[in-house]
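K.L.:
Structure for this input, please:
(2 chains)
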2 protein chains.
Amino acid sequence: MKLYNEADPAPNPRRVRIFLKEKGVDIELVPTPLMSRAHKSAEHLARNPLGQVPVLELDDGTHISESASICRYLEELHPEPNLFGRDAKERAMIDMWLRRVEFRLMQPLGQVWVHSHPFTAAVATQAFGQQFKDYGAANRKVFASGCKLFDREIEGRDFIAGPRYTMADIVAQTTFDFARFIGVDIPADCPALAAWYARVSARPSATFEVPEQRLAQARALGGA
Amino acid sequence: MKLYNEADPAPNPRRVRIFLKEKGVDIELVPTPLMSRAHKSAEHLARNPLGQVPVLELDDGTHISESASICRYLEELHPEPNLFGRDAKERAMIDMWLRRVEFRLMQPLGQVWVHSHPFTAAVATQAFGQQFKDYGAANRKVFASGCKLFDREIEGRDFIAGPRYTMADIVAQTTFDFARFIGVDIPADCPALAAWYARVSARPSATFEVPEQRLAQARALGGA
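P.N.:
From the prediction side, this is the model:
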């Protein structure tokens, strides 16, 4: 089994690496550098026609893409520590929160990235005909509204989906890590969310594999 | 247990109703009409702070929102016929396809809806400051690209995630049902996708609960 992936701060590969560290599981990591467009090569498109990382290659040749689907699969192979829920109800709640993070935080943040960041001008032009800069900027407000909703919802509890750290936290923390990289901050009026982010960022699994300085440089480049 | 929901063609409640029909399970359905803004009432916001349907209310008072999370929960209560996968690998593949549908088809279609349809002008203005009409229109091309990707990927097999009907089909078919409602068609050069859509639409579970005429009227209204 091997994982085609990319270094920090790419949010989706980072989700799987944090998950593996929380599980204490080692998998062979195959670098697929986005800057050299390795993810758009014919070899990689055969693994994932969407041209994205991460992709998990099983020993029988099956390729699983989508970071959350890869983690679900790994959870079945390595059930402890549990990260997706211990019974039907907890599994449903964790899945619900995971989806709320993706649709209310990661989706608008992705639009900020695609439609307002200089790195993504070519990608946006290919997919949409142009970067819609005003739309990208408007998504900062949508992201901030999402943050306020999460701030209210998690007040009084330690983690996104309840009293313990789960996959919903991994998806959320990598979203905020990526937000920081592209110059989008947690709004000042979200103290519960900021405290949660400090809490999950202090876990050993959250250590960045690139120096904080590189994140800061990238952020400065981003025109944020 | 009861399901707060809305009639066709709202895509997310429809997912859960098709899922229930495929399972042969009856649940009390509580209408939550969007036109009268029942989903934004204080009672409903207490069930789901995102102000959306569907929401499943359990007998212990727990509320599960997110259509896919509701269906995952119901699958555990009613395992047969299986719709989320029989082993770890199949579950991962179905989850991967479900996510591809959501990110490559439903997301751009949602942007067409929010940013170019007259029904959603107020919603878009509240969230984004305005409707970004050119951006909405550009998403028709993104949706069409997604359709072509699916057309290539499913060629030679009967269903989205493999040889049998699963949750990935339900998420995809309700996406195309909704596309039809807002005046977005499967591109003419996607024969495998069109054949798949005819196949799933012929299942008894796919019957619309509103007359086809109403869908056609709504479509005409949409300025498609």
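K.L.:
buried residues in the lengthiest helix in chain A?
P.N.:
Identified as the longest helix of chain A according to DSSP state H is helix A:133-154. Neighbour-count burial for helix A:133-154 flags A:134-136, A:138-140, A:142-147, A:149-151, A:153-154 (criterion: 16 or more other Cβ atoms under 10 Å in any protein chain shown). C-beta coordinates here come from the backbone N, C-alpha and C atoms, glycine included.
K.L.:
could you give the angle of it to helix B:133-154?
P.N.:
80 degrees (axes from the mean of the first three to the mean of the last three Cα atoms, to 10 degrees).
K.L.:
Enumerate every residue touching residue A:19.
P.N.:
Contacts for residue A:19 (Cβ atoms under 8 Å, 6 or more residues apart in numbering or on different chains) come out as A:71, A:74, A:83, A:167, A:170.
K.L.:
Can you name the two of these that sit furthest apart?
P.N.:
In terms of Cβ to Cβ, the contacts of residue A:19 reach their longest pairwise distance at A:74 and A:170, which sit 11.8 Å apart.
K.L.:
Let's see which of the contacts of residue A:19 end up in helices.
P.N.:
Going by DSSP H, the helices hold A:71, A:74, A:167, A:170 from these.
K.L.:
From residue B:57, how far off is the last one?
P.N.:
As for residue A:170, its distance to residue B:57 is 28 Å (criterion: Cβ to Cβ, to the nearest Å).
K.L.:
Would you mind telling me which of the two has more residues around it?
P.N.:
Per other Cβ atoms under 10 Å in any protein chain shown, whichever of residue A:170 and residue B:57 has more neighbours is residue A:170, with 29 against 17.
K.L.:
So that one versus residue A:19, what's the distance?
P.N.:
Taken as Cβ to Cβ, the span from residue A:170 to residue A:19 is 6 Å.
K.L.:
With residue A:28 instead?
P.N.:
Applying Cβ to Cβ to residue A:28 and residue A:19 gives a distance of 16 Å.
K.L.:
Likewise for residue A:157?
P.N.:
Counting by Cβ to Cβ - residue A:157 and residue A:19 are separated by 21 Å.
K.L.:
Same check on residue A:99?
P.N.:
Separation of residue A:99 from residue A:19 (Cβ to Cβ): 17 Å.
K.L.:
now residue A:149
P.N.:
Counting by Cβ to Cβ, the gap from residue A:149 to residue A:19 is 25 Å.
K.L.:
got it, and residue A:9?
P.N.:
16 Å.
K.L.:
now swap in residue A:69 and tell me
P.N.:
Distance from residue A:69 to residue A:19, by Cβ to Cβ: 12 Å.
K.L.:
In the helix or strand encompassing residue A:122, which of the residues would be classed as buried?
P.N.:
When secondary structure is defined by DSSP states H and E, residue A:122 falls within helix A:121-128. Residues A:124, A:127, A:128 are the ones in helix A:121-128 that count as buried (16+ other Cβ under 10 Å).
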